[in-house]
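Asker: dropping a prediction and its sequence here:
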Amino acid sequence: MSSKRILIFSLSFSPLVGGAEVAIKEITDRIPDIEFDMVTLRFDKAHPKFERIGSVNVYRIGGLPAQAGGLGYLSKILFVPQAAAFAFSRQYDLYWAMMTYMLFPIVVARIIGNKTPYVLTLQDGDPFERVFNRWFILPFRPLLSFGMRNAQKVQAISTFLAKWSGREDALVIPNGVDWEKFQNPKPRARNSDEIILITTSRLTEKNGIGDLVEAMKFLPDNFKLHIIGSGPLESKLKRHSKMLNLESRIRFVGEVPHHDISKYLHAAGIFVRPSLSEGMGNSFIEAMAA
């Protein structure tokens, strides 16, 4: 029987995988004597409301995105009180907020009397201005400041993000990868005339994939692009590649299980990630490891 219970607040989790989600799984898999629950947003009807992934009991709550008949961005806003209510319905020894936005449900719970201690991991990839200075966030910035001040510990993946907390005791623990998982004992044969570019990324504005698609029109026909990942810009990017007559040269692979990404990296010749902002992207060090 686990001696302690920790509740993780994360806006997304597998199968929607980015650096933060990978970090959660890698960390929790290494701590078998603690019971981990997670409360996260249910983005898709196909995602079960409950499942166990690795060492984490995953509870998906809240609405669905607009294209699935849900509430769009409002779902993310409503997730805050819903997640706070979830935390109140169970007993935990510690809360763990993954990224800045997940301070909101913890602070709401605190305001109405829940004094469970909590820690914060800063693994944000968006720029400071987007996280803190959007007009609908500004009125609530004091809640974020309160959340950072009162965390038992703040851990960040880079010195850049550590400064967000304003705390001298913030721990900087950079992202890492399991080197052995990214080795390839059986390299796949390649067409000698074909040069494959690859990117592994959520298809969002900040990751600059639109620039990468646009750039393909300047390269010779023997250059191909493999895009690993999914996201809100997927349909738009596919339409744009069609408009540029690049459909035969750009392959949208979609979501790939994290343990299979190394196979795609080794099949490619050049890794490209034209990000507009990063905290410290896992994709870069995974590519270097491969």
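Answerer: Now that the structure is in, tell me what you want to look at. No experiment lies behind these values; they were computed from the predicted model shown.
Asker: and T159, what are its phi and psi?
Answerer: In terms of degrees, to the nearest 10, the main-chain angles of T159 are phi -60, psi -30.
Asker: quick check: the residue lying closest to G166 once chain neighbours are set aside vs A170, distance?
Answerer: Nearest residue to G166, sequence neighbours excluded (Cβ to Cβ, 6 or more residues apart in numbering): M148, at 6.6 Å. (C-beta placed from N, C-alpha, C; glycine too.) In this view, M148 and A170 are 9 Å apart by Cβ to Cβ, to the nearest Å.
Asker: overlap in contacts, the two.
Answerer: Taking Cβ atoms under 8 Å, 6 or more residues apart in numbering as the criterion, M148 and A170 both touch V154.
Asker: so which residues of the protein form strands?
Answerer: Using DSSP state E, the strands of the chain run over 4-9, 34-41, 50-53, 56-61, 94-98, 118-122, 153-156, 171-172, 195-200, 223-228, 250-254, 270-271.
Asker: which among those strands is found nearest to S283?
Answerer: With Cβ to Cβ, the closest approach to S283 among the strands of the chain belongs to strand 195-200: 4.7 Å.
Asker: export the closest one as PDB, just CAs?
Answerer: Extracted C-alpha coordinates of strand 195-200, given in PDB (Å, rounded to 0.1, in the frame of the first residue of the first chain):
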ATOM      1  CA  ILE A 195      16.500  13.900 -47.900                       C
ATOM      2  CA  ILE A 196      14.000  13.600 -45.200                       C
ATOM      3  CA  LEU A 197      13.400  16.500 -42.800                       C
ATOM      4  CA  ILE A 198      11.600  15.700 -39.600                       C
ATOM      5  CA  THR A 199       9.900  17.700 -36.800                       C
ATOM      6  CA  THR A 200       8.300  16.300 -33.700                       C
END
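Asker: measure how far that strand is from the centre of its chain, please.
Answerer: Put simply, strand 195-200 sits 20 Å off its chain's centre (Cα atoms, centre = their mean, to the nearest Å).
Asker: rewinding a little: which of the strands of the chain sits most buried?
Answerer: Mean neighbour count (mean count of other Cβ atoms under 10 Å) peaks for strand 118-122 among the strands of the chain, with a mean of 24.
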